[in-house]
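# Starting from these lines, generate the structure:
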Amino acid sequence: MNKDVMEGKWKQMRGEAKAWWGKLTDDDLERAAGKYDVLTGIIQEKYGYTRQQATEEIDKRVTEFEDRLKGETKPATPK
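Take a look at the predicted model:
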């Protein structure tokens, strides 16, 4: 699911991705272009993570991002 969310919302997430992973350059983010597997490889390369560590890190960040978006779009509750 996080793969689909990331690919679908990459343009929104891109700026935050740079904040999340400060070692990533604009070129890295452009190369990733929302592709989960490409971003996983770039994070592995830049941070020395295992593939599992990189996927866990991406999943955590995408889940937090999605949860925050859901929180911002919740309909107002009647008083």
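# and the gap between residue 10 and residue 23?
Remark: distance between residue 10 and residue 23 (CB to CB, to the nearest Å) = 19 Å. Placement of C-beta: from N, CA and C, glycine included.
# And residue 69, by the same measure?
Here residue 69 is placed at a distance of 25 Å from residue 23 (CB to CB).
# and if you look at residue 2?
21 Å.
# who has more neighbours, the two?
Neighbour totals were compared for residue 2 and residue 23, and residue 2 leads with 16 against 11 (other CB atoms under 10 Å).
# tell me which element the residue nearest to that one when sequence neighbours are not counted is part of?
Spatially, and ignoring its direct neighbours in sequence, residue 2 is nearest to residue 62 (4.2 Å; CB to CB, 6 or more residues apart in numbering). Counting by DSSP states H and E, the element that carries residue 62 is helix 51-72.
# Pull the contacting residues for the nearest residue to residue 40 once chain neighbours are set aside.
Distance criterion CB to CB, 6+ apart; nearest residue to residue 40, sequence neighbours excluded, is residue 54 at 4.7 Å. Applying CB atoms under 8 Å, 6 or more residues apart in numbering, we find residue 54 in contact with 40, 41, 43, 44, 47.
# And for residue 42?
Contact analysis of residue 42 by CB under 8 Å, 6+ apart lists 24, 28, 31, 32.
# With residue 11 as the reference, measure out to the residue nearest the centre of the chain.
Residue closest to the mean C-alpha point of the chain, counted by CA atoms, centre = their mean, is residue 62 at 4.5 Å. As judged by CB to CB, residue 62 and residue 11 stand 14 Å apart.
# so how many other residues sit close to residue 46?
Neighbours around residue 46, by other CB under 10 Å: 15.
# tell me the angle the helix or strand hosting it makes with helix 51-72.
Using DSSP H and E, the element containing residue 46 is helix 36-47. Comparing the axes of helix 36-47 and helix 51-72 via axes from the mean of the first three to the mean of the last three CA atoms, to 10 degrees yields an angle of 120 degrees.
# Give me the buried positions along helix 36-47.
Within helix 36-47, the residues scored as buried using 16 or more other CB atoms under 10 Å are 36, 39, 40, 42, 43, 44.
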